[in-house]
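Below are the sequence and a predicted model; questions follow.
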Amino acid sequence: MEPFRPRVIFFRRLIVVICLISIPCLLSLNSRRTHAGDSGNLLENEVSVSEIEPDQRGGKAYRLTYRVPVPIDVYWQFKTDFDNDFLVSNKFIREHHFISRTGDTAVTENKYIHGPDVFFRWQTTIFQDTYNLEFVLLNPEACGQKFHYGSIQLEPVPEGTKVTQTAYFDFWGASFWAAYPWGGGMTDFLTYTAHWEQDVVMRLKNR
């Protein structure tokens, strides 16, 4: 059987190459399902997820864009309600705690279904005049990350509110998570969260 050994090795390597090629192709296919372009003409329930230039220190970064069919002031109230009980209805969030708010800075803690069994402590700075939020992970080392920060920008549009979120992060496996096209990957997580927000804000609006 020794003469067949090189052929076996060749096919094993071929399978690995096919898998590596398939991941970005599947991610591209998945992105086309959720991508509605960057022109701002997002229809209801459409979500755009794209990778952008990462931080100079490395890691990965993304831009998430979607539309919420409520006025910007209604959605702003939803996004700045840090002391809430609706966040745990997101299937990826196990626990949520409001820690403090001083002026335009709020601190919260989340524990997620996936990842280390620790609380991620987030600091969010509120810029009400420009409908902008800037967030940063305060305890990245405890969460197995090097850094994680980003911003959320709201913009009024005829259909309601356009939301653009960007984030920059680095942790072991970040590239794999960003490219993973199935459930639990970055695109799935962000797309689900955008749809979840669309549903929750409508329910809260109609209370």
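Ah, there it is. Numbering: from 1, shown residues only.

hey, let's count contacts and neighbours off CA atoms from now on
Noted.

Please name the bridge partners of the closest residue to residue 105 other than its chain neighbours.
In space, and not counting its chain neighbours, residue 105 is closest to residue 125: 4.5 Å by C-alpha to C-alpha, 6 or more residues apart in numbering. Judged by DSSP bridges, the bridge partners of residue 125 are residue 105, residue 134.

please begin residue numbering at 519 from this point
Yep, numbering from 519; the last one is residue 643 now.

Residue 643 and residue 621 touch, don't they?
No: using C-alpha atoms under 8 Å, residue 643 makes no contact with residue 621, being 9.1 Å away.

if you count what's nearby, which of those two comes out ahead?
In terms of neighbours (other C-alpha atoms under 10 Å), residue 643 is the more surrounded of residue 643 and residue 621; the figures are 20 against 8.

Now do the same contact list for the more buried one.
622, 623, 624, 651, 652, 653 (C-alpha atoms under 8 Å, 6 or more residues apart in numbering).

next one: residue 602
Applying C-alpha under 8 Å, 6+ apart, the residues near residue 602 are residue 616.

Spell out the residue ranges of the helices in this structure.
Assigned by DSSP state H, the helices in the chain fall at 523-552, 590-597, 692-697, 704-723.

Those helices: lowest mean pLDDT?
Mean pLDDT is lowest for helix 523-552 among these, at a mean of 39.

I'd say residue 699 and residue 709 touch.
No: here residue 699 lies out of contact with residue 709, judged by C-alpha under 8 Å, at a distance of 11.5 Å.

distance of the closest residue to residue 669 other than its chain neighbours from residue 572?
Nearest residue to residue 669 in three dimensions, chain neighbours excluded: residue 652, at 4.2 Å (C-alpha to C-alpha, 6+ apart). Between residue 652 and residue 572 the distance is 17 Å, computed by C-alpha to C-alpha, to the nearest Å.
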